[in-house]
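Colleague: after the sequence you'll find the predicted model.
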Amino acid sequence: MIDHLDERIIEILKKDSRRPFVDIANQLKVSEGTVRSRVRKLVEDGVIKGFTIKTSSKNVKALLEIRTDINVNTADIATEVAKYDGVNEVFEVTGDQDVVAIIDVESSPQLNEIIEQVRRYDNVVSTKTRLILKEHFGDE
């Protein structure tokens, strides 16, 4: 179970996962050791699953929305899509679509290949692709 201090540490790390623990401690008015042990515990407990970087890529980025047959387990499709090179994240969602994937590849043909592979699944009813034109991060 996480508390308010853990939540604040997580929010800071979401914006800059390389932020020194000393800086976080000073901002939150706690010791550096407290921040270090809290982060270690959050990682051990699986609350923090990893630390990532964001790049200013010149790649083709897109959201791939996938609608599945009503009788299919969307987790199975989401798990398979997550295995493709270039797929950064996959979410099971509510609404008209069932699965959304964030894709970052070097070219349009690579993006198209992923889309074509997904469309080959028997239980995929339709896909919708949205190209990402510009990204905005919380610290900008």
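Modeller: All right, it came through fine. Numbers count the residues shown, from 1 in each chain.
Colleague: quick one: contacts for Lys134?
Modeller: If you count contacts by CB atoms under 8 Å, 6 or more residues apart in numbering, Lys134 has none. C-betas here are computed from N, CA, C, even on glycine.
Colleague: could I get the phi/psi values of it?
Modeller: The phi/psi pair for Lys134 (degrees, to the nearest 10) reads phi -160, psi 140.
Colleague: same check, this time on Phe91
Modeller: Dihedral angles for Phe91 - degrees, to the nearest 10 - are phi -130, psi 140.
Colleague: all strands of the chain, in order?
Modeller: Using DSSP state E, the strands found in the chain span residues 60-68, 87-92, 99-105, 124-131.
Colleague: nearest to Arg8, of those?
Modeller: strand 87-92 (23.8 Å; CB to CB).
Colleague: right, so of the strands of the chain, which gets closest to Val22?
Modeller: Comparison of these against Val22 by CB to CB identifies strand 87-92 as nearest, at 30.4 Å.
Colleague: distance from the chain centre to the closest one, please.
Modeller: 6 Å (CA atoms, centre = their mean, to the nearest Å).
Colleague: domain parsing for this protein?
Modeller: Per the record, the chain has its domains at 4-44, 60-131, by automatic domain parsing.
Colleague: distance to Leu28 for the strands of the chain - can I get that in TSV?
Modeller: As requested, the strands of the chain are arranged in TSV below (distance: least, CB to CB, whole Å):
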stretch	distance to Leu28
strand 60-68	33
strand 87-92	28
strand 99-105	30
strand 124-131	37
